[in-house]
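>>> Pasting the sequence and the predicted coordinates here, then a few questions.
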Amino acid sequence: MTDTDNDVIDAIKVNGGSIDALSSKKLKELTIDFVQLNDLGVALAFTPKEFFSRNYRDPMGSGPYAMSGVFYYPNGAPKVSAYLGSIPFATGSVGSREEALAAFGQPQETEEEDGDVYWDIWMKDGRQVKVDYNDELAVKTVLVSFPMKD
């Protein structure tokens, strides 16, 4: 969906955010910006519609910016509360790598160097789930997004 879809606008507003937080400058220069719902431990990623269409698929809405992913912060972060809800595609908590592996199974891809694991990626029901870890393998973020086109 896109930034002009009433369902997106209303969902953001009812959860204490505003679609107006998106910066057209950041979206043009960086091709991404976020609506932060810090009290909920969630950030919604948006990209320009043409970038989204080229790299993912055509969005459902007609606005200039497509929602490209949702970041969950199960352990919180500076200025971000811990996300207390259920993580998509998981039946239990996902606060550590051990819990991520239990929830999602064997990853399709892992970024690892010298025994340090940085992230894992899974494909679930046509969605990409990427879990980033800190040095202690606690989850920094869980990203649920569309997979990029090949």
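That came through, no problem.
>>> Every contact and neighbour count from this point should use C-alpha atoms.
Fine.
>>> mind listing the helices in this structure by residue range?
In the chain, helices defined by DSSP state H lie at 6-14, 24-30, 49-55, 97-104, listed in chain order.
>>> Can you tell me which of these is nearest to Y72?
helix 97-104 (12.9 Å; C-alpha to C-alpha).
>>> centre of the chain versus the closest one, how much separation?
Mean-position distance between helix 97-104 and its chain equals 17 Å (C-alpha atoms, centre = their mean, to the nearest Å).
>>> burial count for K28?
12 (other C-alpha atoms under 10 Å).
>>> give me the beta-bridge partners of the closest residue in space to it that isn't next to it in sequence?
Excluding the flanking residues, the one nearest K28 by C-alpha to C-alpha, 6 or more residues apart in numbering is P48, at 7.4 Å. Counting by DSSP bridges, P48 forms beta bridges with Y65.
>>> number of nearby residues for the residue nearest to A21 when sequence neighbours are not counted?
Counting by C-alpha to C-alpha, 6+ apart, A21 lies nearest to V35, which is 6.0 Å off, once chain neighbours are set aside. Neighbour count of V35, defined by other C-alpha under 10 Å: 20.
>>> how close does V35 sit to P48?
Separation of V35 from P48 (C-alpha to C-alpha, to the nearest Å): 14 Å.
>>> now M148
To P48, M148 is 15 Å away according to C-alpha to C-alpha.
>>> Ok, P78 next?
To P48, P78 is 27 Å away according to C-alpha to C-alpha.
>>> more neighbours, the two?
Neighbours were tallied for P78 and for P48 using other C-alpha under 10 Å; the higher tally belongs to P48 (22 against 7).
>>> Surely S93 and A102 touch.
No: assessed by C-alpha atoms under 8 Å, S93 is found out of contact with A102, at 9.5 Å.
>>> quick one: contacts of the helix or strand bottoming out on mean pLDDT in the chain?
Lowest on mean pLDDT, DSSP states H and E among the helices and strands of the chain sits helix 49-55, with a mean of 91. Contacts of helix 49-55 with the rest of the structure, by C-alpha atoms under 8 Å, 6 or more residues apart in numbering, involve 2, 31, 58-59, 63-66, 68, 148-149.
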